[in-house]
Every structure is written in structure tokens, then in C-alpha cells.
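Q: the sequence isn't on hand, but the structure is:
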């Protein structure tokens, strides 16, 4: 191939028996491969062919070329780094030990440039890091995803190491136990720790306390004690007993169907209105009928009608009257205050008003607390209370408090009979009144 030039491809003498080519594509393939291997990037020039194949497949399948372009750029850069790396090795070990087909002329040139610029160590580190990064980009397409993959792999290795360590510890304890069964001596694990170890642990605790005092001005115990002192007792506001519905819960029995009493009504006789044929001749009569509409209708009165009673409604069961216990309300109030204290929000008073579905916690914040700061902690409070979602009322209209509605762990079913039988409804009853919900 050294004597063969590009113009020789078109000569008839080149195809004689004197020239034997082993390339599958004949003389043209041999000439192209010789150019890429010797003059460009050595054997790694095959990546160029892979890039062309990838472009061809995506064009035939009519797919977007954005991912193919990204793959091509990373592949060509990796080809240059690999060829230059072998060119650098060729400089270190000598040209007789490394074939020139591994680096090519261009690879040797790039290796020589980086070697003269960065030196032997700098060029080696540069090519190593570049090769690793380009390989990761080719695999994942995102360097952050690659680092996450390595982190996950490191965690798995660490977990396996800890597991092996625990197994070795258990095996050692088992051997000590067997030895104790034979000799009657206690195993080494039960032996008391040395005085030096105890002193070291105590010194570490004291040093940790010093760091906390220096950083926060107080120790862990003092901080916890101060936090407990700032948490106020939750005051629970439940409806009074006389305000609740006085409903006797009975066992379920088959309902007896009674015949409803007949509704007696005194209906005055209606005067028969004669029908008048409407035609052009009596149009004046129709106009007179429109003006006298009130005389044509007679009011109907139902004097002895009785409205149905609440006894027809389904009676609530005993389980439906179970309300949220006071212990749960107090604990939720304490957790709510503790979470706010973590962000420097002090609460002076807490009122809990339990409802069938949600509980309203009314907070009286300190004078120097901004309401916007409490509102920004809605997601953090929901996470601390382990609630699906909370609602904040900042501030509650007509009160100087902040409302936090937290769903109950178990929702209570409210029967309409308990609402219609309550004293609140009876005291404010009018003919047009109705029940929508139960607040407490």
C-alpha cells in the first residue's frame, strides 16, 4: 500500500495479479483503511465507521438525530483520547515496542503536543480522566447519573462489607460460646472494657459537649430541657354534654312498616273556568282574561298536615360516637409546638377543638413571631405530624390566633339524625333551616 496512490485505483495495471488485496472491499477498501489507520487514529478509527452506521440507521428509521449527534461527539472524542494515550505510551516505551497502528499519525501528534505542554505526569492524568469521563458519558449520557451509579455501587460494597463483618463477629462469638461451654471460662465479649476505653469514651462525650456549648451556647441536655419548658399544655375545647344530641342507641331490629295516616285537607271548591276558543273574533275576550289572572286561581290549604319526624332516620351506632382521645390531642399539640420551636417560633397557648374529621389547633404565637414564617412551614408541619395534608388559617378571623387543621387518624361518621336532634339546631329552628355539616 505504500507504493499505491489514489490515482492508481483508476489504472488497469493495478488490478493485475501482481497486486493482491485481502480487504473485503478490494483496492478502494484497502486504500481507505490504510489512510484511516496510518494517517489518522490507528485501529480506533473504526469508531468513525460506527458513527456513520448509527447515523444511517436513525435516518432510515426516521428518528430524531439529537441523541445520535451526542453519541457521535463523545465517541469521536474518546477515539482521539485512546489514540493519543497509546501515542503517549509509545513516547515512554519507545516506537519499537508499540505498533504505530494503535495510535496513528494524528494520535502520535496529539500525544507529543500534550507531552510537551503538560509533561509526562500531567498528560497521563489528563488522558486518564478524559477517558473515564467520556466512557461514563457514553454509557449514561449524564455525568450526574454516572456519579449516582458509582455512589450506589459504593453503598452496596459498604453494605456487603458490614454484612461480612457482622458474620465474622457472630462466628467469633459462636466460637467463644463453644469454648465457654468446654472450659467454663467467660467469652472475651463479656469481659469488662479497659479503663483506657472508658476514659476515651468519656473524653469524647465531654469534647462533644464543649463543641455544642461553643457553637450554640448550650449543651444537649440544656437545649432539650429548655425546649420542654417552652412547650405549653394543650387546652382541649369539646362541646358541652347538654349541647350534644341525646340519642338512645338501640340494637338493630327489623323496622315495622306502618300505614301512614291519611292527610286531611280542606280544599275549597274551584270554580270551573269555561274554555274560550281563541280566534280573531274573540281576541278582545282573551285580553280581558290575561288582566284577571288572580281571579282564576284559588289558594289550597293543608291544615292538618304533619311533617315527618327524626325517628324515621337511621340511628347512629355506638362506634360512631367515639371521638379522638385527649391523649392524642395533647401529643399532637406537643409535636406541633416542638416542630415550630425547631424554627425559632415560640407559642404561648394552644387550643385543640376536635371535630369528626379534622381537629383545629389554635395557636397563640409570641409577639415577635411573623405570621408569614409560620405559613412557610406548612409542608414541614405536615411531615412532622405524619398527616396527608394540613390547612392553615392565618389568622383566624375575629381572633388573634393561627389555625392549623390536621386530619384525624380515624374519621368519624356523622349521621344527620344526630344533627337534627341536637340542641343547637332545635334552638335556632325555622321552617327554612337545614343541616350542612358538624363543626365540633
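A: It's in. Because the structure is predicted, anything quoted here is derived from the model rather than measured.

Q: so where is the stretch 51-200 of the chain shaky, pLDDT-wise?
A: Scanning the stretch 51-200 of the chain for pLDDT under 70 picks out 170-200.

Q: switch to 90 and redo it
A: By pLDDT under 90, the weakly predicted segments of the stretch 51-200 of the chain are 51-75, 78-79, 83-109, 111-112, 115-120, 123, 131-200.

Q: so which residues of it form helices?
A: Assigned helices in the stretch 51-200 of the chain, in chain order: 66-93, 104-140, 143-183, 195-216 (criterion: DSSP state H, counting those that start in this stretch).

Q: flag every buried residue along the first one.
A: Within helix 66-93, the residues that qualify as buried by neighbour count (16 or more other CB atoms under 10 Å) are 68, 71-72, 74-75, 77-91. In short, each C-beta sits where N, CA and C put it, glycine included.

Q: give me the nearest residue to residue 384, chain neighbours excluded.
A: residue 339 (4.2 Å; CB to CB, 6 or more residues apart in numbering).

Q: which other helices and strands contact the host helix or strand of that neighbour?
A: Assignment of secondary structure by DSSP states H and E places residue 339 within helix 326-342. In this structure, helix 326-342 makes packing contacts with helix 220-230, strand 234-236, strand 347-354, strand 358-365, helix 378-385, strand 402-407, judged by 3 or more CB pairs under 8 Å, 6 or more residues apart in numbering; DSSP states H and E.

Q: in terms of secondary structure, what does the shortest one contact?
A: Packed against strand 234-236, as judged by 3+ CB pairs under 8 Å, 6+ apart, are the following elements: helix 326-342, strand 347-354.

Q: would TSV of those with mean pLDDT be doable?
A: Formatted as TSV, the entries for the helices and strands packed on strand 234-236 read as follows, by pLDDT from 0 to 100:
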stretch	mean pLDDT
helix 326-342	84
strand 347-354	86
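
Q: winner for burial among those?
A: For the helices and strands packed on strand 234-236, ranked by mean neighbour count under the definition mean count of other CB atoms under 10 Å, the leader is strand 347-354 at a mean of 19.

Q: what's the angle from that one to helix 326-342?
A: For strand 347-354 against helix 326-342, the angle between stretch directions is 150 degrees (axes from the mean of the first three to the mean of the last three CA atoms, to 10 degrees).

Q: determine which of the helices and strands packed on strand 234-236 approaches residue 47 most closely.
A: Distances from residue 47 to each of the helices and strands packed on strand 234-236 were compared using CB to CB; the shortest belongs to helix 326-342, at 55.9 Å.

Q: name the surrounding residues that touch the closest one.
A: When contacts are taken as CB atoms under 8 Å, 6 or more residues apart in numbering, the neighbours of helix 326-342 outside the stretch itself are 227, 230-234, 236, 346-347, 350, 352, 354, 359, 361, 363, 374, 377, 380-381, 384-385, 404, 406, 409.

Q: list only buried entries from those.
A: For these, a neighbour count by 16+ other CB under 10 Å gives the buried set as 231-232, 234, 236, 347, 350, 352, 354, 359, 361, 363, 374, 377, 381, 385, 404, 406.

Q: from residue 376, how far off is the nearest residue to residue 84 once chain neighbours are set aside?
A: Closest residue to residue 84 in three dimensions, ignoring its sequence neighbours and counting by CB to CB, 6+ apart: residue 110, at 4.2 Å. With distances defined as CB to CB, to the nearest Å, the gap from residue 110 to residue 376 amounts to 55 Å.
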